[in-house]
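Visitor: requesting a structural model of the entry that follows:
(chains A and B)
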Amino acid sequence: MSSPHASPRTAPPVRRFLPPGLLFALPFLVLFGVFMVWPLAQGLWMSLTDASFSAHAPAFVGLDNFTEAFGDAEMWRGLWHTVWFTLLSTVPLVLVALGMALLVHTGLPGQWVWRLAFFAPYLLPVGVVSLLWIWLYQPDLGLYNHLLRAVGLDGVAWLSDESVAMYAIVLATLWWTVGFNFLLFLAALQAVPDHLYEAAAIDGAGAWRRLWSITLPQLGRITAVVTVLQILASLKVFEQVYLLTKGGPDNSTRPILEYMYDVGFTGYRLGYASAISYIFFVLVLLASAVQIVALRRKEK
Amino acid sequence: MVSTDVTARPAAPVLPRASAAARPRRGTNLTLGESGLARVLALLALAVSAVLWLLPLAWALLTAFKSEQDASDPVDWFWPKHGWTLDGFTTVVERGALPLWMLNSLLIAGAVTAVTVLVSAMAGYAFSRTLFAGRRGLFALTVAAVLVPPQMLIVPWFQQMLTLGIADTYAAVILPQTVAPVMVFILKKHFDSLPRELEEAARIDGAGHWRIFWSVLLPLSRPMLAAVAIFVFIGAWNNFLWPFVSTSDPALMTLPVGITSVKDAYGVQYAQTMASAVLAALPLVAVFVFFQRHIVKSVATTGLGGQ
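Guide: Numbering: from 1, shown residues only, chains lettered A, B, ... in the order given. Just a heads-up that it's a prediction; the model follows:
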């Protein structure tokens, strides 16, 4: 496997069946082709057929699936729930993470504990997170309603009240994933050059002044990047909703990806599910395009 | 000669952000100043948020060590009337599925990590250091693929596993997870940042591409490879959707999938449910406690996806 060039100084490059560079890329390219390009193409093809889990061969139906989807109120609801979740979750996931990082970065004692407290939930599998929060939110026995009653308030039907369920999911998600953004901010804070603060200290700038005039401006780029990553991550919401509420009550929290899953694996309509997955893909691409343009403009 | 060069060159210039994170913290008061009041307020805010963040975990632990009867006692909801017990844990372990799920998760996440790191590093090397027809086009395609959300592929993947005849096997769970365009991108950029003199010295000594890749570049890249591996492992260990969709055989269940199946099967056994949640959470949290620095670094360098 070693030494494709026996003696690079004398031998002219030999024409081989496969150039060595391609050989190196080949394992990835094979996996990439088989498990990404092929399924992407197959999904697109299926979206134009009435493919299902039943025995009959899928028939080409043109754009029927897409026409149906655009007239499907449940599809639009799912799309809206995904967008709504993204709007609700992105702001706290960025701001709380930033606040945590700023506080930890002040260098107060107990660094190790703070990092563990804020980041540990991110290491939990979504199954554990959902079991835990179902128990926390349990209307009669859960911790949060015990605490509410202890201060004289009424308990809340966290996951079964339509007007609360989405916020409850956002709260659980905030707890679960904020640690990731927190670490990104913390790393960026530690990269802010010390001499900026030293200069400010000499000029007699106080703590607030230094926060507003040095720290936050230095974090502009990382904040933009974290926000972009967060929006893309939030758009992909599915698992915690599926496990916490199964999309309920009355499908009032079901995101587009869960609708796709339900249509495909519960309704067995693979063609229609593929069409929905492509509508979701277009949403992700649109969000990415807007953000790329926005980031470019910011950098100029 | 080559080896002395290798040791003389720590990866510091390669990972500016990570090395900044690992640097011993000087001037810790630079942001806060000398004000005592500011310190107290900041400490208070930190303590309150840490308590809020640890509360759910504490509640899980509290419940796990109670009897079922005490766990669902609406009046004495904090301190158990009948004392603490390990019954929840013993029941969960005796039922026997949890160790199997852990083993499956370890096997699957381990395989996904090994394959992804090796294959992505090789591709990163190819895109960074070699010339072949179509290289630019293939790399552009890889970068574009970063935008594809894997969730949209579960329906075609499912069909594909049937076509390939590997439905409901370890291979079906593992293979689709090994395609990580973003890791190829990160490793390509990383190799781009390594100085080329070392390889040239090795090439003069007669080393081919494989030797240069395996004996020169990979040893130099250990911190970056570790960062990528940790990130991939956490993702695979916690992955729910694809393992959930691709397997129906209970013998193939991973931890995240298995643990949610218990809830459906046994209903409202809160102490047992929390005991299994605690056991399921334990491995990665324990790993984090021991390797905090590495994991923090991994997230900081890999999490940005090379942006």
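Visitor: ok, which residues in the stretch 151-300 of chain A are in contact with chain B?
Guide: A:175, A:180, A:183-184, A:186-188, A:190-191, A:194, A:197-198, A:201, A:206-207, A:210-211, A:215, A:225, A:229, A:235-236, A:238-239, A:243, A:257, A:260-261, A:264-265, A:270, A:273-274, A:277-278, A:280-281, A:284-285, A:288 (CB under 8 Å from any CB of the partner chain). Glycine gets a C-beta too; all of them are placed from N, C-alpha and C.
Visitor: what subset of the residues you listed is buried?
Guide: For those, a burial check counting by 16 or more other CB atoms under 10 Å in any protein chain shown picks out A:175, A:180, A:183-184, A:186-188, A:190-191, A:197, A:201, A:207, A:210-211, A:215, A:225, A:229, A:235-236, A:238-239, A:243, A:257, A:260-261, A:264-265, A:270, A:273-274, A:277-278, A:280-281, A:284, A:288.
Visitor: tell me which of those fall in helices.
Guide: A:175, A:180, A:183-184, A:186-188, A:190, A:197, A:201, A:207, A:210, A:225, A:229, A:235, A:239, A:243, A:257, A:260-261, A:270, A:273-274, A:277-278, A:280-281, A:284, A:288 (DSSP state H).
Visitor: was I right to think residue B:122 contacts residue A:27?
Guide: Yes - look at residue B:122 against residue A:27 with CB atoms under 8 Å: they come within range, at 6.1 Å.
Visitor: low pLDDT regions in chain A?
Guide: In the predicted model of chain A, residues A:1-18, A:55, A:299-300 satisfy pLDDT under 70.
Visitor: how distant is the one helix or strand residue A:231 maps to from the center of its chain?
Guide: In this assignment (DSSP states H and E), residue A:231 forms part of helix A:220-235. The chain centre lies 9 Å from the centre of helix A:220-235; the measure is CA atoms, centre = their mean, to the nearest Å.
Visitor: contacts for it, please.
Guide: A:82-83, A:85-86, A:89-90, A:93-94, A:97-98, A:177, A:181, A:184-185, A:188, A:283-284, A:287-288, A:291, A:294-295, A:298-299, B:149, B:303-305, B:307 (CB atoms under 8 Å, 6 or more residues apart in numbering or on different chains).
Visitor: tally of neighbours for residue B:299?
Guide: 25 (other CB atoms under 10 Å in any protein chain shown).
Visitor: now swap in residue B:149 and tell me
Guide: By other CB under 10 Å, neighbour count at residue B:149 equals 18.
Visitor: residue contacts, it?
Guide: A:235-236, A:280-281, A:284.
Visitor: coming back round to it: name the residues contacting each of residue B:122 and residue A:27.
Guide: Both residue B:122 and residue A:27 lack any common contact, where contact means CB under 8 Å, 6+ apart.
Visitor: check the secondary structure at the one residue in the stretch 51-200 of chain A that gets nearest to chain B for me.
Guide: As assessed by CB to the nearest CB, chain B sits closest to residue A:107 within the stretch 51-200 of chain A, at 2.7 Å. Applying DSSP: H, G, I helix; E, B strand; the rest coil to residue A:107 yields a three-state assignment of coil.
Visitor: go ahead and confirm residue A:78 touches residue A:255.
Guide: Yes - assessed by CB under 8 Å, residue A:78 is found in contact with residue A:255 at 5.9 Å.
Visitor: more neighbours: which of these two?
Guide: residue A:255 (29 against 26).
Visitor: so what's that one up against?
Guide: A:78, A:81-82, A:85, A:237-238, A:241, A:247.
Visitor: could you redo the last one with a cut-off of 6 Å?
Guide: With contact taken as CB atoms under 6 Å, 6 or more residues apart in numbering or on different chains, residue A:255 is in contact with A:78, A:81-82, A:237-238, A:241.
Visitor: from residue A:119, how far out is residue B:129?
Guide: Going from residue B:129 to residue A:119 by CB to CB, to the nearest Å gives 35 Å.
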